[in-house]
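Q: sequence first, predicted coordinates after that:
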Amino acid sequence: MTELSIPDAGTPRPGEDVQADPGAAASTAPAQEDAPSRTGRGVRSAGFWLRRPGLVASLLLLAAVLLAVFLPGLLASRDPLAAAPRDKLQAPSAGHPFGTDELGRDLFARVVHGSLLTLQATVLAVLVGLVVGSLAGLLAGYRGGVVDDALMRLTDVLLAIPGLLLSLALVTALGFGTVQVALAVGVTSVSTFARIMRAEVLKIGVSGYVEAARASGTRWPSVLLCHVLPNAAGPVLVYAAVDFGAVVLQVSSLSFLGYGAQPPAPEWGSLVSDGRNYLATAWWLTTLPGLVIAATVLAANRIARALDGEDTEETR
Amino acid sequence: MRNYLLRRLFQAVFVLWAAYTVSFGVLYLLPGDPATIMAAGGGDASTVTREQTDALRHQYGLDQPLAQQYGTRLLHALHGDLGRSVQSGTPVTRLIAQALPTTLQLAAAALLVAVVLGGALALLASWTRSGPLRRLLLSLPAAGVSAPTFWVGLVLVQLLSFRWRVFPAFGDEGFDSLVLPSVTLALPGAALIAQVLARSLRTALAEPYIQTALAKGAGRARVLFGHALRNASIPALTLVGVMTGNVLAGAVVVETVFARAGIGRETAAAVTVQDIPVVQGVVVLGAVAFVLTTLAVDLIHPLLDPRITTTTDRTAVAA
């Protein structure tokens, strides 16, 4: 009873409900399960959130970051590029919550506006890993044989090269910029996505409904897309959430090293890097943008753990 | 045993060859002409004249068909020749050999700190009887994994070098200058080790042989260090093997933050001026580190757990 009513923050559990009832569409099963416990759910979920202040704080922080991405003007009214030499290197105050930099630009506005480029690169990188890795894993798991061997050996090799070094090689070849950094980081997570997807496909490929679809003459690409992919997607999407925090770190590391957006465009990593020349005199220039990165990653990882089912396991 | 070693050696050679091939593919096949990239040296490509790129193309053999280029380069690499740096003209292997000692020092110190710190955290969390303290200790790794390395380094410099003047902020002279960089480089690894070791200690402490040991009168310390730790250390050891390559990669960031000489600084500089041969050399070095450490870890496994033997497939960790 408890297990059913605890909101699982939207994690699909395709394997379980689908295998029990292969013919039914996945969407109808959870609705039937929910119906009896719906009245008790409001009370329980209030308790659920109250016992997890960290998760609530993480969701609020990520909401603020999303606000910064889509409506930066709401959070920071100042222009992130407007220099005011008279106000240079001011410590944090009510007027400038994060202080000002060496040109008198408001650091808070720069962090808020910098979230757009950083998050764009992160989302693009995760998408590259997700799409390319899923396709490779789908193909490897479903076709098997030589295709499987070749693709899996390739992922082995990608795992043997340290991620950051592989990213650096890609940046060298592709050049500098936000999109290039995103591609370079995305490639490093392809192999893990491919392995997870392959494992799921191997599990689902032997189930009755896939065999039925194949026996009724459906061609293999449409079996893959209509039957295997939707049911294998759950764990892969959860890993995308897990990967998100790590990708924010990798993207900001490359940006810190100077391979991301070129100045004066603000990016989280490059903001920390810009403050290095004023370490002794202006602590806020490096500390505060870095704190924003750390807090965002921490929040993303906490939410990913919730999606991964940690909270539901604890209560059992 | 001999067969096992031979097979592992073959696997290692395969991974190195494949890593070389992948880096060749990335650096020479991707859109973007290597000659133009190298001639521009990270600057504006439009300032490069045709003669310059043609000269470079000829000098580096880039005017030959790709298959032939790959063949020649691989043959040279087998003889220990990874080409020359475009920027300085120094052979890449000499560049790496010169920069390697300081980086190895840093990496070894960082691995040591990571193992000690992560191990102490996990053991303390398993040892304590106080629930709140355990929860606090076990929540620390999440923070360690989330903090960007470069930021941790800069905050340490601000506090310990500029405010309290305990350690030097920059440079690579003596033991004092090694402390902050190695701690910075160690933190993410320490967090991972703590997480993995704490989890496997919990599993180990629930095993029946712990009950047996307790029933026979062994103390808590004897049970934790003598029985549980030995059995729980295998996943953590595997992790240490995988981490070594990442420590090498992390040196790129840490050496930049602390202005230390070493492979990391060379790599960062090479990427900035798009010095393709140097970058490829470092990627291959990363694969070498990975292969060597996973091999070492696999050979240590049977010493820790006699049930693991080198004659079965069980020890063949993905190489």
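A: Nice, I can see it.
Q: I figured A:Trp268 hits A:Ser115, correct?
A: Yes - between A:Trp268 and A:Ser115 there is a contact under Cβ atoms under 8 Å: 7.0 Å. All C-beta spots, glycine's among them, are computed from the backbone N, C-alpha and C.
Q: the two: which is more packed in?
A: A:Trp268 (29 against 26; other Cβ atoms under 10 Å in any protein chain shown).
Q: distance check, that one against chain B.
A: A:Trp268 sits 9 Å away from chain B when distances are taken as Cβ to the nearest Cβ, to the nearest Å.
Q: show me what contacts that residue?
A: Taking Cβ atoms under 8 Å, 6 or more residues apart in numbering or on different chains, we find A:Trp268 in contact with A:111, A:114-115, A:118, A:252, A:255, A:289, A:292-293.
Q: please redo it, this time with the cut-off set to 6 Å
A: Contacts for A:Trp268 were tallied using Cβ atoms under 6 Å, 6 or more residues apart in numbering or on different chains; they are A:114, A:118, A:252, A:289, A:293.
Q: average model confidence for the helix or strand harbouring B:Phe290?
A: Here B:Phe290, judged by DSSP states H and E, is contained in helix B:276-304. Across helix B:276-304, pLDDT averages out at 88.
Q: not counting residues beside it along the chain, what's closest to the residue in the stretch 51-200 of chain B that chain A sits nearest to?
A: Closest contact between the stretch 51-200 of chain B and chain A, by Cβ to the nearest Cβ, is at B:Trp151 (3.1 Å). Leaving aside its chain neighbours, B:Trp151 sits nearest to A:Gly290 (3.1 Å; criterion: Cβ to Cβ, 6 or more residues apart in numbering or on different chains).
Q: return the residues of the stretch 101-250 of chain A in contact with chain B.
A: A:156-157, A:160-162, A:164-165, A:168-170, A:172-173, A:249 (Cβ under 6 Å from any Cβ of the partner chain).
Q: neighbour-wise, which one of those leads?
A: Busiest of those [other Cβ under 10 Å] is A:Thr172, holding 33 neighbours.
Q: by contact count, what packs against the helix or strand that residue falls within?
A: Taking DSSP H and E as the definition, A:Thr172 sits inside helix A:163-174. On a contact count with 3 or more Cβ pairs under 6 Å, 6 or more residues apart in numbering or on different chains; DSSP states H and E, helix A:163-174 meets helix A:178-205, helix B:276-304.
Q: got the angle between the helix or strand just after the first one and helix A:178-205?
A: Using DSSP H and E, the next helix or strand after helix A:178-205 towards the C-terminus is helix A:208-215. Here helix A:208-215 runs at 90 degrees with respect to helix A:178-205, directions being taken by axes from the mean of the first three to the mean of the last three Cα atoms, to 10 degrees.
Q: okay, buried residues for the helix or strand just after helix A:208-215 please.
A: Tracing the chain past helix A:208-215, the next element assigned as helix or strand by DSSP H and E is helix A:220-223. For helix A:220-223, a neighbour-count test (16 or more other Cβ atoms under 10 Å in any protein chain shown) marks A:Val223 as buried.
Q: most tightly surrounded among the helices and strands packed on helix A:163-174?
A: helix A:178-205 (a mean of 23; mean count of other Cβ atoms under 10 Å in any protein chain shown).
Q: okay, now the residue in the stretch 201-316 of chain A positioned nearest to chain B: neighbour count?
A: For the stretch 201-316 of chain A and chain B, the shortest gap (Cβ to the nearest Cβ) falls at A:Gly290, measuring 3.1 Å. Residues near A:Gly290, counting by other Cβ under 10 Å, number 25.
Q: distance of it relative to A:Trp284?
A: 10 Å (Cβ to Cβ, to the nearest Å).
Q: re the thing from before, closest one to A:Val223 among the helices and strands packed on helix A:163-174?
A: helix A:178-205 (9.2 Å; Cβ to Cβ).
Q: quick one: A:Met197 and A:Leu139 touch, right?
A: No - counting by Cβ atoms under 6 Å, A:Met197 does not reach A:Leu139; the two are 9.3 Å apart.
Q: interface residues of the stretch 101-250 of chain B facing chain A?
A: B:146-148, B:150-151, B:154, B:158, B:162, B:245-246, B:249.
Q: in helices, which of the residues you listed appear?
A: Secondary structure from DSSP state H places B:146, B:150-151, B:154, B:245-246, B:249 of these in helices.
Q: poorly predicted segments of chain A, please.
A: Applying pLDDT under 70 to chain A picks out residues A:1-44, A:310-316.
Q: about what we covered before: nearest to B:Gly118 among the helices and strands packed on helix A:163-174 would be which one?
A: Judging the helices and strands packed on helix A:163-174 by Cβ to Cβ, what sits closest to B:Gly118 is helix B:276-304, at 15.8 Å.
Q: tilt between that closest one and helix A:163-174?
A: Angle of helix B:276-304 versus helix A:163-174, following the same axes, to 10 degrees, is 160 degrees.
Q: same for helix B:276-304, what does it pack against?
A: Against helix B:276-304 (3+ Cβ pairs under 6 Å, 6+ apart) you get helix A:163-174, helix B:2-24, helix B:92-127, helix B:229-257, helix B:263-272.
Q: will you turn the ones you listed into a markdown table that also has distance to A:Leu225?
A: As requested, the helices and strands packed on helix B:276-304 are exported to a markdown table (distance: least, Cβ to Cβ, whole Å):
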| stretch | distance to A:Leu225 |
| --- | --- |
| helix A:163-174 | 29 |
| helix B:2-24 | 29 |
| helix B:92-127 | 44 |
| helix B:229-257 | 35 |
| helix B:263-272 | 39 |
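Q: so which of those is nearest A:Tyr239?
A: Per Cβ to Cβ, nearest to A:Tyr239 of these: helix A:163-174, 15.1 Å.
Q: and the angle from the closest one to helix B:2-24?
A: Using the same axes, to 10 degrees: helix A:163-174 against helix B:2-24 is 30 degrees.
Q: just the CA trace of helix A:163-174, in CSV.
A: Provided in CSV are the C-alpha atoms of helix A:163-174 (Å, rounded to 0.1, in the frame of the first residue of the first chain):
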residue,chain,number,x,y,z
GLY,A,163,36.5,11.4,-20.4
LEU,A,164,38.2,14.8,-20.0
LEU,A,165,41.1,13.8,-22.3
LEU,A,166,38.6,12.6,-25.0
SER,A,167,36.7,15.9,-24.7
LEU,A,168,40.0,17.8,-25.1
ALA,A,169,40.8,15.9,-28.2
LEU,A,170,37.4,16.7,-29.6
VAL,A,171,37.7,20.3,-28.7
THR,A,172,41.1,20.4,-30.5
ALA,A,173,39.6,19.1,-33.6
LEU,A,174,36.2,21.0,-33.5
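Q: re the thing from before, from the ones in helices among the residues of the stretch 101-250 of chain B next to chain A, which is closest to B:Leu30?
A: B:Ala249 (20.2 Å).
Q: do you know how far the closest one is from A:Leu168?
A: Distance from B:Ala249 to A:Leu168, by Cβ to Cβ: 8 Å.
Q: cool, and A:Ser189?
A: 16 Å.
Q: and if you look at A:Asp243?
A: The value you get for A:Asp243 to A:Leu168, if Cβ to Cβ is used, is 19 Å.
Q: so for chain B, which residue is the most central one in space?
A: B:Gly245 (2.3 Å; Cα atoms, centre = their mean).
Q: that residue against B:Val288, yeah?
A: No - taking contacts as Cβ under 6 Å, B:Gly245 lies outside contact range of B:Val288: 9.1 Å.
Q: element containing the closest residue to chain B within the stretch 1-150 of chain A, please.
A: In the stretch 1-150 of chain A, no residue comes nearer to chain B than A:Gly54, which is 8.5 Å away by Cβ to the nearest Cβ. Per DSSP H and E, A:Gly54 falls inside helix A:53-70.
Q: does anything pack onto that helix? Which helices or strands?
A: If you count contacts as 3+ Cβ pairs under 6 Å, 6+ apart, helix A:53-70 packs onto helix A:107-143, helix A:284-307.
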